[in-house]
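S.K.: following is a predicted model, sequence given first.
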Amino acid sequence: MCATGGQEAVDELKAELKENGYDVLDATVLTTSCNDLLTKKELKPLKEAVEDSDLIVSLACGNGVQTLAKLTGKRVVPSNNTLFVGERIRGGVFEETCRTCGACVLGRTAAICPVSRCSKGLLNGPCGGSIDGYCEVDPELKCAWIEIYNRLKEDDRLDLLEEVEPIRSYINVSHPRKLNRRGR
Amino acid sequence: MPSRLQQTLDEGSFAVSAEIAPPKGFDFSHPLEVAKRLWGHVDALNVTDFQSASVKASSLALCIDLIQNGIQPVLQMTGRDRNRIAIQGELLSAAHFGIQNILALTGDHPKTGDNPQAKPVFELDAIGILQTAETLIEGKDLGGNELLGQSPEFFLGAVVSPVFDPIEVQLIQMRKKIRCGARFFQTQGIFSLDVARRFKEQTEGYNTKILYGIIPLRSPGMARFMNRKIPGIEVPNDLIETLEKSENKEQDGIKIAAELISKLKEEKLCDGVHIMAIGAEGNVEKILKEAGLWT
């Protein structure tokens, strides 16, 4: 969707590397590289190329780069700088709307996330820093809390804004996070 | 014993506080001199916390200097640069030195300051800082652990912006701050009686004290700049025109500020004023004299 990977991008990078005198042993698109078992399986046919390589360039996100490094034991470098979990607004335009914070408040903020869309990540309503509904930090960024207010007002749920948010505990949302849904 | 600011407000007298800023450096002689000159005529010297998200000496350090000179400060505390451990530690340190007045603020974003590369904290916003201070007053920390010895006594305050669209958002925030212990408010700088009258009506029945923010204008350029750049500031055009025609702009700015204060007091539109002279603290004395409040 972001056109940062896929066959076309891989082929392009391969051509560029060749042009610069590198010997490219293989150039493959995996289904996904953040699934350990699947990646392991898909790496099998590439075993020889992996073993003979000095360096693997990954076009995946930061997660995929690490999976590859772990599974191959090779030196893996990222070709991309992973920016955020985004929403595609239209072709080529993306916005961060969820920070995967692990303490979701969307149920009481009219489905607009203040953690990712307020520059300060405020949980109790806006600061006094917005000008005409736009953020003090970025005049092109709408104040998330004014948006939340407008939406809650429309829904006749301003009572939600009157509630003081309990001070958030970061005990369970500190990094790195893990999830085990298999029990033990 | 309650702080002088609290006493003045509690007895229903007109309170005055003045803002001073720690320097970008470690020589505190200028703000200290200003404070010494003003103390006795004001109820508190309000010390900014890394004002404009810029590196300076800390609010606590200058507050300690003031207290040791017999001057009562208001310690400003923002959530921009400290997590809950640092905020609680700093509040306890303030209590140790006898600092009682605390002003809780969320803080400007580091991107608006002079070290925009800084990592923003904002673990607690103004409301969270008030909740935290109240928890300490109850003798516990946020982790639920008992404090040793006496619990601190704080007189807690917060800020509000009377010129804000939609104002209802500010009023909701204000009500939450009151519920979390804000017993006084200082407002963003206001420049007209209409704003003061309107805001008084809007906050009728709120169980707190309100100090209107007063910013003496020094030039029409300053007014226009603030109108453009500072959230919540609305200098009316007729004031800017008056300053444009003025032959002594700074003097007339002082006069305008003093007249506003006199009328606010006369019409009982607030419980006091908070003067922010922004770099021209020497003018606070002139304003108070002009307003007949230099007693």
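M.R.: Noted; the coordinates are in hand. Numbers count the residues shown, from 1 in each chain, chains lettered A, B, ... in the order given.
S.K.: per-residue pLDDT of residue A:162, please?
M.R.: Reported pLDDT at residue A:162 in the predicted model: 96.
S.K.: once you drop chain neighbours, what's closest to it?
M.R.: Setting aside the residues directly before and after it, residue A:162 is nearest to residue B:172 in space (Cβ to Cβ, 6 or more residues apart in numbering or on different chains), at 6.0 Å. In short, each C-beta sits where N, CA and C put it, glycine included.
S.K.: again, but for residue B:171
M.R.: Using Cβ to Cβ, 6+ apart and skipping the chain neighbours, the partner closest in space to residue B:171 is residue B:202 (6.1 Å).
S.K.: separation between the one you found and chain A?
M.R.: Noted for residue B:202: a distance of 15 Å to chain A, by Cβ to the nearest Cβ, to the nearest Å.
S.K.: burial measure for that residue, as a count.
M.R.: Taking other Cβ atoms under 10 Å in any protein chain shown as the criterion, the count of residues near residue B:202 is 14.
S.K.: secondary structure element for the residue nearest to residue A:162?
M.R.: In this structure, residue B:172 is located in helix B:167-179 according to DSSP states H and E.
S.K.: distance from that helix to the middle of the chain?
M.R.: For helix B:167-179, the distance between its averaged C-alpha position and the chain's averaged C-alpha position is 17 Å (Cα atoms, centre = their mean, to the nearest Å).
S.K.: identify the residues contacting it?
M.R.: Contacts with helix B:167-179, where a contact means Cβ atoms under 8 Å, 6 or more residues apart in numbering or on different chains, come from A:124-126, A:128, A:145-146, A:149, A:158, A:161-162, A:164, B:104, B:126-127, B:130, B:158, B:160-162, B:164, B:182, B:185, B:202-203, B:206-208.
S.K.: and the next element down the chain from it?
M.R.: strand B:184-189.
S.K.: what pairs with that next one, parallel or antiparallel?
M.R.: According to DSSP bridges, strand B:184-189 forms sheet pairs with strand B:155-160 (parallel), strand B:209-214 (parallel).
S.K.: list the buried ones in that strand?
M.R.: Buried residues in strand B:184-189, defined by neighbour count with 16 or more other Cβ atoms under 10 Å in any protein chain shown: B:184-189.
S.K.: same deal with stretch A:46-64?
M.R.: Under the neighbour-count criterion of 16+ other Cβ under 10 Å, stretch A:46-64 has A:46, A:50, A:53, A:56-61, A:64 buried.
S.K.: closest one of those residues to chain B?
M.R.: When the buried residues of stretch A:46-64 are compared for distance to chain B (Cβ to the nearest Cβ), residue A:61 comes out closest, at 22.3 Å.
S.K.: which residue sits closest to that closest one, ignoring its sequence neighbours?
M.R.: With Cβ to Cβ, 6+ apart as the criterion, residue A:61 has its nearest non-adjacent residue at 4.5 Å, and that residue is residue A:82.
S.K.: next one: residue A:158
M.R.: Here the nearest residue to residue A:158 in space, its sequence neighbours aside, is residue A:152; by Cβ to Cβ, 6+ apart that works out to 5.3 Å.
S.K.: which SS class is that neighbour?
M.R.: Secondary structure, DSSP: H, G, I helix; E, B strand; the rest coil: residue A:152 is helix.
S.K.: my guess is it meets residue A:110, correct?
M.R.: Yes. The criterion here is Cβ atoms under 8 Å, and residue A:152 meets it with residue A:110 at 5.0 Å.
S.K.: what about residue B:197, how many residues close to it?
M.R.: By other Cβ under 10 Å, 13 other residues sit near residue B:197.
S.K.: can you name the residues that contact it?
M.R.: Contacts here follow Cβ under 8 Å, 6+ apart; on that basis residue B:197 touches B:267, B:269.
S.K.: what's the average pLDDT for the strand or helix carrying it?
M.R.: Take DSSP H and E as the rule and residue B:197 turns out to sit in helix B:193-202. Confidence for helix B:193-202, expressed as mean pLDDT, is 98.
S.K.: now do the buried residues in that helix.
M.R.: Neighbour counts using 16+ other Cβ under 10 Å place B:195-196, B:198-200 of helix B:193-202 among the buried residues.
S.K.: tell me the pLDDT of residue A:184.
M.R.: Confidence at residue A:184, expressed as pLDDT, is 65.
S.K.: and of the buried residues of strand B:184-189, the nearest to residue A:180?
M.R.: Compare each of the buried residues of strand B:184-189 with residue A:180 using Cβ to Cβ and the shortest gap goes to residue B:185, at 48.2 Å.
S.K.: mind checking how far that closest one is from residue B:173?
M.R.: Using Cβ to Cβ, to the nearest Å, one gets 11 Å for the distance from residue B:185 to residue B:173.
S.K.: shared neighbours of these two, anything?
M.R.: Both residue B:185 and residue B:173 are in contact with residue B:160, where contact means Cβ under 8 Å, 6+ apart.
S.K.: lowest confidence element among the helices and strands of chain A?
M.R.: Taking mean pLDDT, DSSP states H and E as the measure, the helices and strands of chain A show their lowest mean at strand A:86-90, namely a mean of 90.
S.K.: which neighbouring elements make contact with it?
M.R.: Packed against strand A:86-90 by the contact rule (3 or more Cβ pairs under 8 Å, 6 or more residues apart in numbering or on different chains; DSSP states H and E) you find strand A:93-96.
S.K.: tell me the strands beside the strand it packs on, with direction?
M.R.: strand A:86-90 (antiparallel).
S.K.: all helices of the chain, in order?
M.R.: If you meant another chain, say so; for now it's chain A. Secondary structure of chain A (DSSP state H): helices located at A:6-19, A:36-43, A:47-52, A:62-72, A:114-117, A:144-154, A:159-162.
S.K.: should've been chain B
M.R.: Secondary structure of chain B (DSSP H): helices at B:4-10, B:29-38, B:59-68, B:84-96, B:126-137, B:167-179, B:193-202, B:220-229, B:237-245, B:249-266, B:282-290.
S.K.: mind listing what's buried in the last one?
M.R.: It refers to helix B:282-290. Of the residues in helix B:282-290, those buried under the neighbour-count criterion (16+ other Cβ under 10 Å) are B:283-288, B:290.
S.K.: residues in contact with stretch A:60-67?
M.R.: A:5, A:30, A:32-36, A:39, A:58, A:68, A:76-78, A:80, A:82.
S.K.: same thing but at 7 Å, please
M.R.: Around stretch A:60-67, the neighbours that count as contacts under Cβ atoms under 7 Å, 6 or more residues apart in numbering or on different chains are A:5, A:33-34, A:36, A:39, A:58, A:76, A:78, A:82.
S.K.: closest to chain B out of the residues you listed?
M.R.: Sorting the contacts of stretch A:60-67 by how near they are to chain B, with Cβ to the nearest Cβ, puts residue A:82 at the top with 18.3 Å.
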